[in-house]
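K.L.:
here you go, sequence then predicted model.
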Amino acid sequence: MRITDENMRGKILIVDTTHGGVKLATEFSKLNCEVYAWDIYHTLSEEQKKQLQMNDVKLVDEGFLGGNKALVVAPIHSNLNCPVDMTHHDAVAYLLKEEIKIPMIEVTGVKGKTTVVHMLREIFKDSNPLILTSLGVEIRDKLLERNISITPASIITTWELGQKYNPGIFILETSLGGTGLAQVGVLTNIAEDYSIASGTKTASQAKEQIFKDELVACDYDSYQKYYTQHEKKTNTFGLTEGNVKARDIKYGLTETSFRVEVQGLKTVFGEILDDSFSIRTFAPAPYHVENVLSAICASLTCGRSVESVKSGLENFHGLKGRTTIKHVGNTTLIEEINPGINVTAVKRAIGMVEHLPRIAVIFGGQYGVTCEEIDEESVSRVLDELELDIGLILTDELGASVKDRITRNLNYLEECNDAVEYARAKGYRNVLLIYRSNLLDLEYR
């Protein structure tokens, strides 16, 4: 169905109230249309039901599709037996297209989204950035909302919360694609092309929505594998290939330096940029450098000056939990606490520290913190293949679930803080904590 203002005044079915559908249904109810909502996962609370009822949104089930002609709004990851007229991303674009008058950058990808948004916040600090990430909604160092998802509907909530603070730019993290509202979209990587929609689609297909934006900064390998048809609106970045790449990298746990080479980069002002400059920032491993290159590529595409990029990245010292370096007595604690921890993240984290002396790896966490669960069999093989002089400590429900799959020596402690203290007591000088959790849910030490 072709989307027009006319058919938006008819019947609209919002599918999936779990992933932002309540907010979308409420917003559409303010327009001159009949709004219906389908709680496809049966997760609606009584409070949410009352909210929908107060806004004249009618709850329906699958049978509604058989006898009613309605415009269907559903997430990109839905697997419906009917055509979808708008994704949730499209719906947000429709609802906000006349509302947001400031520049936007939206970031999607499999890994690195939250980190890249926070790097961009430092680079655009003098523009009073409003940001949305899985850590919350922030502006002027104020945390406006803590427990918020990165589903498309949260973009509306963020804008409502933040616009009174007069932001000069809106930088946001979003899952599975983009809205098309941004001057610059960012695709950090397709580190794992996992399946969605009951196996009928892949992450790479969903994230192609980011190319609705005016220009896109895209990981070079992902671009070459999936998205070459978008050449005219794409700038690429990578360690060795792309419009933005790195040279002469000198890694350090607290500071890494390298030279940035920029060739043929398109800006939103229609210019083509060639340049070379040096960067110092927090990037202790190759995948951190890739995140830095992502932020540089996006910033330059927006027309940001090289000096702003350099000074912003010098002020970036990592995110709490996302590769945080702490010193506790004689022990260096490297934390990787993330709800999106998967096998790729585990491999990358271990690769960052395995050359360090006297090291222990603590692995564990919780289930149900994201829609994408971890592959226990694969992560068990990765942990089993650790060098025997590396200590292995498992913790919490995830650690308990994988420990019987591992044949090498290990220890298990139920509580995360006990695992950390055990590693310190055993004299390990470097401790890598890989913990699958929402950071704010983890209370230890």
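P.N.:
Happy to help now that I have it.

K.L.:
dump the residue contacts of the residue positioned nearest the centre of the chain.
P.N.:
Centroid-nearest residue in the chain, with Cα atoms, centre = their mean: Lys113, separated by 3.5 Å. Lys113 is in contact with Val107, Thr133, Ser134, Ile150, Glu173, Thr188, counting by Cβ atoms under 8 Å, 6 or more residues apart in numbering. Glycine gets a C-beta too; all of them are placed from N, C-alpha and C.

K.L.:
kindly indicate which of these lies nearest Tyr251.
P.N.:
Distance to Tyr251 across the contacts of Lys113 (Cβ to Cβ) is lowest for Thr188, with 19.7 Å.

K.L.:
go ahead and confirm that closest one touches Asp219.
P.N.:
Yes: assessed by Cβ atoms under 8 Å, Thr188 is found in contact with Asp219 at 6.2 Å.

K.L.:
common neighbours of the two, please.
P.N.:
Gly109, Glu290, Ser294.

K.L.:
who's in contact with the last one?
P.N.:
Taking Cβ under 8 Å, 6+ apart as the contact definition, Ser294 lies against Gly112, Val116, Val186, Thr188, Ala217, Asp219, Phe237.

K.L.:
in this structure, which spans are helices?
P.N.:
With helices called from DSSP state H, the chain shows them at 22-28, 46-54, 64-67, 88-96, 113-123, 153-162, 203-207, 220-226, 286-301, 306-314, 343-353, 376-384, 396-402, 416-425.

K.L.:
closest to Arg408 out of those?
P.N.:
Ranking these by proximity to Arg408 (Cβ to Cβ) places helix 376-384 first, at 5.5 Å.

K.L.:
so how far is Lys225 from the residue lying closest to Asn330 once chain neighbours are set aside?
P.N.:
Excluding its sequence neighbours, the residue lying closest to Asn330 (Cβ to Cβ, 6 or more residues apart in numbering) is Arg429, at 6.6 Å. Distance of Arg429 to Lys225, computed by Cβ to Cβ, to the nearest Å: 40 Å.

K.L.:
cool, Trp159 as well?
P.N.:
Distance, Trp159 to Lys225, using Cβ to Cβ: 33 Å.

K.L.:
between the two, point out the one with more neighbours.
P.N.:
Trp159 (22 against 12; other Cβ atoms under 10 Å).

K.L.:
I figured the more buried one hits Tyr165, correct?
P.N.:
No: contact status for Trp159 versus Tyr165: not in contact, 11.1 Å apart, counting by Cβ under 8 Å.

K.L.:
common neighbours of the two, please.
P.N.:
Both Trp159 and Tyr165 are contacted by Leu130, under the criterion Cβ under 8 Å, 6+ apart.

K.L.:
burial count for Ile325?
P.N.:
Residues within reach of Ile325, counting by other Cβ under 10 Å, total 14.

K.L.:
renumber starting at 33 from here on
P.N.:
Renumbered: residue one is now 33, and that last one reads Ile357.

K.L.:
show the pLDDT at it.
P.N.:
Listed pLDDT for Ile357 reads 89.

K.L.:
what of the one 10 residues further on?
P.N.:
Per-residue confidence for Glu367 comes out at a pLDDT of 92.

K.L.:
ok, now which ones touch the closest residue to it other than its chain neighbours?
P.N.:
Leaving aside its sequence neighbours, Glu367 sits nearest to Thr356 (Cβ to Cβ, 6+ apart; 4.3 Å). Neighbouring residues of Thr356 by Cβ under 8 Å, 6+ apart: Gly350, Ile366, Glu367, Ile369.

K.L.:
any idea how far Thr147 is from Thr356?
P.N.:
Taking Cβ to Cβ, one finds Thr356 at 11 Å from Thr147.

K.L.:
shared neighbours, these two?
P.N.:
Gly350.

K.L.:
and the gap between Ala102 and Asp280?
P.N.:
From Ala102 to Asp280 the distance is 58 Å (Cβ to Cβ).

K.L.:
my guess is Gly383 contacts Pro316. True?
P.N.:
No: Gly383 lies out of contact with Pro316 (Cβ under 8 Å); the separation is 10.7 Å.

K.L.:
between those two, which is the more surrounded one?
P.N.:
Set Gly383 next to Pro316 and count neighbours by other Cβ under 10 Å: Pro316 wins out with 19 against 12.

K.L.:
which strand residues bridge the residue lying closest to Ala381 once chain neighbours are set aside?
P.N.:
Spatially, and ignoring its direct neighbours in sequence, Ala381 is nearest to Glu368 (4.7 Å; Cβ to Cβ, 6+ apart). Beta bridges link Glu368 to Arg354, Ile466 when assigned by DSSP bridges.

K.L.:
measure how buried Glu368 is and give me the count.
P.N.:
Using other Cβ under 10 Å, Glu368 is surrounded by 23 other residues.

K.L.:
looking at the chain, which helix or strand is least sure?
P.N.:
Among the helical and strand segments of the chain, the one scoring lowest on mean pLDDT, DSSP states H and E is helix 96-99, with a mean of 81.

K.L.:
contacts for that one, please.
P.N.:
Leu45, Tyr68, Trp70, Ala102, Val104, Leu112, Asn113, Cys114.

K.L.:
same deal with stretch 297-312?
P.N.:
The contact list for stretch 297-312, computed with Cβ under 8 Å, 6+ apart, reads 215-216, 246-247, 265, 267, 275-276, 287-296, 324, 328-329, 332-335, 338, 341-342, 345-346.

K.L.:
any of these buried? List them.
P.N.:
The neighbour-count criterion (16 or more other Cβ atoms under 10 Å) marks 215-216, 247, 267, 275-276, 288, 290, 292, 294, 324, 328-329, 332-334, 338, 341-342, 345 among the contacts of stretch 297-312 as buried.

K.L.:
spit out the contact partners of the closest residue to Thr313 other than its chain neighbours.
P.N.:
Spatial nearest neighbour of Thr313, chain neighbours left out: Leu345 (4.0 Å); criterion: Cβ to Cβ, 6+ apart. Contacts for Leu345 (Cβ under 8 Å, 6+ apart) come out as Met151, Glu154, Ile155, Ile311, Arg312, Thr313, Val324, Ala327, Ile328.

K.L.:
can you check the pLDDT for Leu345?
P.N.:
The predicted structure lists Leu345 with a pLDDT of 98.

K.L.:
in a markdown table: the shared contacts of Thr220 and Asp251, plus pLDDT and distance to Gly52.
P.N.:
What follows is these, written out as a markdown table (pLDDT from 0 to 100; distance: Cβ to Cβ, whole Å):
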| residue | pLDDT | distance to Gly52 |
| --- | --- | --- |
| Gly141 | 95 | 19 |
| Glu322 | 97 | 29 |
| Ser326 | 98 | 25 |
